[in-house]
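Chemist: I'd like to go over a predicted model; first the sequence, then the structure.
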Amino acid sequence: MSRFVERFGLWSDDQQAQARELARRLGGGELDVVRFAWPDQHGLLRGKTLVAAEAAGALWEGVNLTTTLLAKDSSHKTVFPVFSKGGGFAIEGLEGGADFTLVADPATFKVLPWAPRTGWVLCDAYMGDGRPCPFATRRILQRAVAALGAMDLEFVAGLEVEFHVFRLDEERMQPADSGQPGEPPRVSLLSHGHQYLTELRYDRVDTVMELLRTHLLALGLPLRSLEIEYGPSQFELTFGPTAGVLPADTMVLLRSAIKQVCHRHGYHATFMCRPRIPNVMSSGWHLHQSLRGRDGVNAFMPGADGGDLSEAGMRYLGGLKAHACGAAAFASPTINGYRRYRPFSLAPDRASWARDNRGAMLRVLGGPGLAATRIENRIGEPAANPYLYLASQLFAGLDGMQRRLDPGPSADAPYDTPAEPLPRTLADALACLREDAMLVEQMGREFIDYYCHIKEAEIARFQLEVSEWEHREYFDMF
């Protein structure tokens with residue numbers, strides 16, 4: 001009887017060859033274990049670790065996980081009635097906590113430099129009958145990339161990611177600290193911050209920077225720069241451009257790698273947008289994007305007669321602007337992420353574009369003859385699911401190209417422009433998403449309903465909590 005991958009024809013010829021080479025390495029005793037990792041609905045990596053002898057067979061047979069993982073919100077609580085018909089998703093095959101199958105993408109295989117003799121491979125999720133799992137977010141980006149490929153174009157993106165690293169003082173591991181979620185760790189600063197890009201601040205955290213640099217380069221990630229950001233204990237890393245699904249694969253791996261490496265060395269790294277720590281600054285994820293033709297030429301680069309972007313680039317820009325509010329729930333999918341949208345803060349508060357202006361949501365860089373011509377979207381938070389964020393960008397940009405949308409004039413004073421305000425809360429962003437007919441169609445109505453249900457469950461939990469602000473405001477006064 002044929003194996004799962006062969007039965008449903010899930011690999012290309014290249015993937016078959018890569019899998020055979022990986023099986024050879026496993027058989028040769030190079031590794032002890034392999035982590036089969038899958039990016040869930042939040043962009044968090046889940047999966048199973050198999051010993052090398054079992055991992056070789058699992059490449060073709062797949063690894064089974066319970067479908068209840070699809071029902072989790074950000075606290076890992078199950079927010080769908082998984083034992084009802086359709087598993088709470090109204091989809092046959094997902095009821096009763098049934099299994100779905102992870103199939104490795106052998107092209108993504110890495111050896112983890114911080115974990116001795118440990119391999120790692122990113123997986124795609126399939127139903128038992130070989131259909132792609134309807135809630136697998138990597139698959140959504142693959143569809144968007146394929147739609148672009150049908151136009152003989154390729155998506156290119158570079159990552160600019162801000163985050164915090166603190167000294168880990170206490171892990172909070174007493175039984176009473178457990179829960180969903182448990183108590184966060186107690187931390188202290190590595191630097192006071194507020195000395196943006198100073199060499200002195202960088203030198204004081206050089207130990208951490210070297211730790212990150214060596215491990216990220218050992219993973220083969222296209223690291224370009226390591227920088228001291230403005231806030232206390234705030235860093236920024238930039239990564240060179242990659243194509244297709246690879247920018248999103250890079251983002252999920254680098255986030256997980258940074259958190260693991262830091263924890264092993266007594267630090268706590270967080271991609272939470274705005275931690276509740278005195279004087280910290282919000283972190284963003286700025287996505288640099290362009291398209292290129294089969295000839296390798298940047299399709300956004302304007303001609304010699306000038307202009308900010310080519311005609312295709314301007315239409316793509318028009319699509320990003322037109323769907324900015326609908327796509328906000330993918331760019332900033334947490335309640336906390338909306339803490340950074342405020343005027344004059346270097347974070348956008350409205351759907352505008354401008355040439356090389358950091359106050360605008362969409363910053364246009366480059367020009368005639370410049371191969372690095374691109375659009376930088378500054379709306380994202382670093383906790384975003386990269387597959388959903390990038391897919392929403394592609395679908396929006398493609399819609400702009402197909403409908404020949406005009407982005408309008410440059411907003412040279414981005415915080416004074418009459419452009420459409422961005423959503424100020426996650427609830428507002430979800431409402432905008434539901435109203436964006438193009439994104440609902442392209443992402444899939446079934447998926448949008450699923451995604452909004454999970455996010456609305458998080459909002460409902462948040463609304464039931466009594467905040468410190470409320471207690472301070474009312475407890476003594478009334």
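Modeler: Thanks, I have the structure now.
Chemist: mind checking the end-to-end distance for stretch 170-182?
Modeler: With C-alpha to C-alpha, to the nearest Å as the measure, stretch 170-182 spans 13 Å from end to end.
Chemist: Give me the contact list for it.
Modeler: 75-77, 183-186 (C-beta atoms under 8 Å, 6 or more residues apart in numbering). Any C-beta I mention is one placed from the backbone N, CA and C, and that applies to glycine too.
Chemist: try 10 Å
Modeler: Contact with stretch 170-182 is made by 72-77, 183-188, 263, 268, 461, as judged by C-beta atoms under 10 Å, 6 or more residues apart in numbering.
Chemist: Give me the subset of the residues you listed lying in helices.
Modeler: Taking DSSP state H as the definition of helices, the contacts of stretch 170-182 contribute 263, 461.
Chemist: ok, of the contacts of stretch 170-182, which one's closest to E435?
Modeler: D73 (22.7 Å; C-beta to C-beta).
Chemist: For N298, give its distance to A371.
Modeler: For N298, the distance to A371 (C-beta to C-beta, to the nearest Å) stands at 5 Å.
Chemist: Return every residue with contacts to both of the two.
Modeler: 290, 292.
Chemist: So for the two, which sits in the more crowded spot?
Modeler: N298 (21 against 13; other C-beta atoms under 10 Å).
Chemist: correct me, but that one touches I375?
Modeler: No - with contact defined as C-beta atoms under 10 Å, N298 does not reach I375; the gap is 11.4 Å.
Chemist: residues shared between the contacts of those two?
Modeler: 290-291, 309, 313, 366.
Chemist: The longest strand seen in the chain - which strands sit beside it in the sheet, and in what orientation?
Modeler: If you go by DSSP state E, the chain has its longest strand at strand 153-170. Sheet partners assigned to strand 153-170 using DSSP bridges are listed as strand 186-188 (antiparallel), strand 234-243 (antiparallel), strand 267-270 (antiparallel), strand 285-293 (antiparallel).
Chemist: List the contacts of the shortest one.
Modeler: Translated: strand 186-188. 164-172, 233, 267-268, 270, 275, 277.
Chemist: Which of those residues sits closest to R424?
Modeler: Among the contacts of strand 186-188, and counting by C-beta to C-beta, the member closest to R424 is P275, at 19.9 Å.
Chemist: so Y316 sits in a strand?
Modeler: No - counting by DSSP: H, G, I helix; E, B strand; the rest coil, Y316 is not part of a strand but helix.
Chemist: Can you give me the neighbour number for it?
Modeler: 29.
Chemist: So it versus L59, what's the distance?
Modeler: Counting by C-beta to C-beta, the gap from Y316 to L59 is 38 Å.
Chemist: the domain parsing of this protein - what is it?
Modeler: 15-133, 145-471 (automatic domain parsing).
Chemist: Tabulate those domains (a markdown table), appending distance to M477 and mean pLDDT.
Modeler: Below are the domains of the chain laid out as a markdown table (distance: least, C-beta to C-beta, whole Å; pLDDT from 0 to 100):
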| stretch | distance to M477 | mean pLDDT |
| --- | --- | --- |
| domain 15-133 | 32 | 92 |
| domain 145-471 | 11 | 93 |
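Chemist: what about R143, is that helix, strand or coil?
Modeler: R143 ends up helix, using three-state DSSP.
Chemist: What sits closest to it if chain neighbours are left out?
Modeler: A391 (7.5 Å; C-beta to C-beta, 6 or more residues apart in numbering).
Chemist: Would it be right to say that that neighbour lies in a helix?
Modeler: Yes - A391: assigned to a helix according to three-state DSSP.
Chemist: Thought A248 was touching it, still the case?
Modeler: Yes - using C-beta under 10 Å, A391 is in contact with A248, at 8.4 Å.
Chemist: Now list whatever residues contact both of those two.
Modeler: Common contact partners of A391 and A248 (C-beta under 10 Å, 6+ apart): 137-138, 141-142, 145, 385.
Chemist: more crowded one of A391 and A248?
Modeler: Legend: neighbour count by other C-beta under 10 Å for A391 and A248, higher for A391 (29 against 26).
Chemist: and the closest residue to A52 other than its chain neighbours, which of the three is it?
Modeler: Counting by C-beta to C-beta, 6+ apart, A52 lies nearest to L26, which is 4.7 Å off, once chain neighbours are set aside. At L26 the chain is in helix, as set by three-state DSSP.
Chemist: give the contact list for L26.
Modeler: Taking C-beta under 10 Å, 6+ apart, one finds 32-34, 50-57, 59, 119 in contact with L26.
Chemist: Export those to CSV and append columns for secondary structure and neighbour count.
Modeler: Formatted as CSV, the entries for those read as follows, by DSSP: H, G, I helix; E, B strand; the rest coil; neighbours: other C-beta atoms under 10 Å:
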residue, secondary structure, neighbour count
D32, coil, 16
V33, strand, 18
V34, strand, 29
L50, strand, 19
V51, strand, 12
A52, helix, 19
A53, helix, 10
E54, helix, 15
A55, helix, 24
A56, helix, 19
G57, helix, 13
L59, helix, 26
G119, strand, 23
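Chemist: Could I get the contacting residues of R7?
Modeler: R7 neighbours (C-beta under 10 Å, 6+ apart): 1, 60-61, 129-130.
Chemist: Need the per-residue pLDDT for it.
Modeler: Per-residue pLDDT puts R7 at 94.
Chemist: Specify the local secondary structure of it.
Modeler: R7 - assigned by three-state DSSP - is helix.
Chemist: any idea how far it lies from A331?
Modeler: Relative to A331, R7 is positioned 38 Å away (criterion: C-beta to C-beta).
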